[in-house]
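Visitor: predicted model and sequence below, questions to follow.
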Amino acid sequence: MTRDATLDDLALAGIALAAGVVLAFLSRTVLRWLAKHAKRTKWSGDDVIVDALRTVVPWAAIAGGAATAAAVLPLTKTTQHNVNQILEVWIIFVVTLSAARVIANLVHAVTQSRSGVAGSATIFVNITRVLVLAIGFLVVLQTLGISIAPLLTALGVGGLAVALALQDTLANLFAGIHILASKTVQPGDYIRLSSGEEGYVVDINWRQTTVRQLSNNLVVIPNGQLAKTNMTNFTRPEQQLTMLVQAGVGYDSDLEFVERVTADVVDEVMTEITGALPEHEAAIRFHTFGESRIDFTVILGVGEFSDQFRIKHEFIKRLHRRYREEGISIPVPARTVTLQQGTPLIPHQRGAADVSAGPALADQ
């Protein structure tokens with residue numbers, strides 16, 4: 001039998017509980033100070049860790065104070081065991097939530113740093129969070145004395161039934177994992193599908209890929225469809241690309257002079273326009289004797305896919321103005337139509353002419 005709690009027991013228990021609360025307050029204050037210093041560093045991982053500790057450490061201090069208070073009081077073994085078990089489950093619950101948040105944020109930071117553009121691949125974040133929470137749940141069951149072997153067996157049988165019922169969903173899930181693992185598409189890439197959709201990849205989650213078009217509209221594409229379709233990625237293997245502009249000059253033009261003038265305009269555009277590549281060397285290639293002009297291609301360097309429209313716009317304006325200043329002609333196709341008198345009419349035309357001419361002859 002246990003003795004009754006005395007005033008000294010209650011005082012010691014109160015002191016232990018109060019000490020846990022005070023320690024929790026002090027630890028939270030210290031961790032808040034550490035969080036301010038962590039924001040000054042370049043590595044984002046320390047911010048995530050300190051933020052998680054701000055949740056775990058204070059609750060652990062309070063739980064420690066409560067466990068000490070329970071140990072001081074003259075409780076029965078059953079009551080003592082139940083209190084300790086409740087505190088263990090509570091700590092496991094807090095640690096699991098914090099660990100899930102820390103690991104998910106670290107995975108999110110890694111996916112962002114490797115994307116090149118602000119974006120996120122939430123499929124990895126969600127899978128990581130679910131796995132950590134599932135492990136924490138199993139640890140809680142084990143702590144409570146519940147055998148997890150039958151549960152795992154039931155989950156295996158139930159998982160097979162769920163897999164058969166959710167074939168399309170699982171196909172999209174594994175397609176998304178395959179897309180990210182193969183690194184053919186990453187958030188921030190500019191892609192164009194064979195079906196015509198194109199834009200920046202905003203996110204790849206467990207079911208679908210979200211693409212933001214240049215018009216700022218969002219296109220949602222199932223991962224399974226994205227994995228099966230033909231696709232052009234304008235960001236990989238390099239974000240920089242080249243753009244071709246077609247032009248032509250008259251046959252009476254000095255091609256050497258045309259090439260020098262065009263190269264000057266290319267160098268000017270590459271240096272002054274935002275998004276162009278200043279180190280790009282002008283490339284002009286004559287390729288066709290056309291009907292009224294000699295055609296050539298100008299190759300421009302572009303830093304990113306969406307920059308090509310602005311660069312092409314400025315290049316055409318400046319090239320046209322420079323050609324006018326230098327007297328270089330840009331001819332347009334011209335056709336001459338010659339009508340000869342006495343051309344015989346085909347039968348149905350002759351009949352129509354006779355009918356229309358009949359009244360006139362009758363008047364004569």
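Guide: That came through fine. Numbering: from 1, shown residues only.
Visitor: can you list phi and psi of the spatially most central residue of the chain for me?
Guide: Nearest to the mean C-alpha position of the chain, counting by Cα atoms, centre = their mean, stands Pro187 at 2.2 Å. Here is the backbone geometry of Pro187 (degrees, to the nearest 10): phi -60, psi 130.
Visitor: what about it, distance to Thr235?
Guide: Computed as Cβ to Cβ, to the nearest Å, the Pro187 to Thr235 distance reads 10 Å. C-beta here means a position set from N, CA and C on the backbone, and glycine is covered the same way.
Visitor: swap in Phe309?
Guide: In terms of Cβ to Cβ, Phe309 sits 16 Å off from Thr235.
Visitor: those two: which is more packed in?
Guide: Thr235 (21 against 13; other Cβ atoms under 10 Å).
Visitor: buried sites along the helix or strand encompassing Phe309?
Guide: Phe309 is part of helix 307-326 when elements are defined by DSSP states H and E. For helix 307-326, a neighbour-count test (16 or more other Cβ atoms under 10 Å) marks 307-308, 311-312, 314-315, 318-319, 323 as buried.
Visitor: the helices in the stretch 1-150 of the chain, which residues?
Guide: For the stretch 1-150 of the chain, applying DSSP state H, counting those that start in this stretch gives helices covering 7-38, 45-72, 77-115, 122-143, 149-165.
Visitor: looking at those helices, spot the one closest to Gln340.
Guide: helix 77-115 (69.6 Å; Cβ to Cβ).
Visitor: now that closest one, how far from the centre of its chain.
Guide: Chain-centre distance of helix 77-115: 29 Å, with Cα atoms, centre = their mean, to the nearest Å.
Visitor: rounded mean pLDDT for that helix, please.
Guide: Averaged across helix 77-115, pLDDT comes to 75.
Visitor: check contacts around Arg32.
Guide: For Arg32, the contacting residues are Arg54, by Cβ atoms under 8 Å, 6 or more residues apart in numbering.
Visitor: for Asp47, see how far away it is.
Guide: 12 Å.
Visitor: tell me where the model's unsure across the stretch 101-250 of the chain.
Guide: Per-residue confidence for the stretch 101-250 of the chain (pLDDT under 70) gives these ranges: 108-124, 148, 151-168.
Visitor: and the stretch 251-364 of the chain, by the same measure?
Guide: Within the stretch 251-364 of the chain, the segments meeting pLDDT under 70 span 342-364.
Visitor: okay, helices next: where are they in it?
Guide: Using DSSP H, counting those that start in this stretch, helices in the stretch 251-364 of the chain cover 255-272, 307-326, 347-363.
Visitor: list the helices and strands the longest one packs on?
Guide: If contacts are counted by 3 or more Cβ pairs under 8 Å, 6 or more residues apart in numbering; DSSP states H and E, helix 307-326 sits against strand 241-249, helix 255-272, strand 294-302.
Visitor: ok now do the nearest residue to Glu197 once chain neighbours are set aside, which residues does it touch?
Guide: Nearest non-adjacent residue to Glu197, counting by Cβ to Cβ, 6 or more residues apart in numbering: Val219, 5.1 Å away. The neighbours of Val219, taking Cβ under 8 Å, 6+ apart as the test, are 197, 199, 210-213.
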